[in-house]
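Trainee: Give me a model of this one.
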Amino acid sequence: MMNPGLLVQYAGYLTEDDHMEMGFKPGKSLPAQALYRRCDPGQLTFKTTESLEDFSEIPGQDRAVESIHFATEIDVDGYNVFVLGPPGAGRHTFVRQFLGDKAAGRAVPSDWCYVYNFDDPRQPKALRLPPGVSKELRLDVENAIQDAQTAIPAAFESEDFQFSMKLLRKNSRNAGKGI
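Mentor: Numbers count the residues shown, from 1 in each chain. The predicted structure follows:
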């Protein structure tokens, strides 16, 4: 017997028996008592949902689960998986958990970074880095840029640079005079 207080189903997935057990028929007005069902917390075997195990499958979605199992076994580039369903059905949670479990048994992939190619700006250079190193590279580049933004103006304002500029101007003027 179905316990309506413990089982959540979408009306579109209910069977004819489920409709009869709940006291309504598709296409007919719902009685007020069908809109609310009280759940006795004493019937629950847990204190919070944190102690519950994650679903290993989506109830009533055997074909979808089989499809994602099949899709993730295809070891050829160029294939994608598109998951469709109503909001709140657990698609995102299930797929994330499934892919996380699948990835846990595999080697961590390399990081790939694309950097500017000064020889051919239309063709960036690809850098293959060990896993996790790309974040360090990004931070190093950001720090180098910040350092340059401070150091370059300071270098042009230094006394040594100003003295060298005066000397160059003087030599340039003297060279123009033929001295």
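Trainee: Kindly report the domain assignment for the chain.
Mentor: 11-51, 62-104, 111-176 (automatic domain parsing).
Trainee: From the centroid of the protein, which residue is nearest?
Mentor: Geometric centre of the chain, nearest residue: R96, 9.5 Å, by CA atoms, centre = their mean.
Trainee: other SSEs contacting the helix or strand hosting it?
Mentor: For R96, the host element (DSSP states H and E) is helix 91-104. Judged by 3 or more CB pairs under 8 Å, 6 or more residues apart in numbering; DSSP states H and E, helix 91-104 is in contact with helix 62-73. The C-beta positions use only the backbone N, C-alpha and C, and glycine is treated the same way.
Trainee: which residues are in contact with the helix it packs on?
Mentor: Here helix 62-73 makes contact (CB atoms under 8 Å, 6 or more residues apart in numbering) with E57, I58, Y79, V81, V83, G85, F94, V95, F98, L99, K102.
Trainee: one more time with 7 Å, if that's ok
Mentor: For helix 62-73, contacts defined as CB atoms under 7 Å, 6 or more residues apart in numbering pick out E57, I58, Y79, V81, V95, F98, K102.
Trainee: what comes up buried for whichever helix or strand V141 is part of?
Mentor: Assessed by DSSP H and E, V141 sits inside helix 133-157. The neighbour-count check on helix 133-157 (16 or more other CB atoms under 10 Å) flags S134 as buried.
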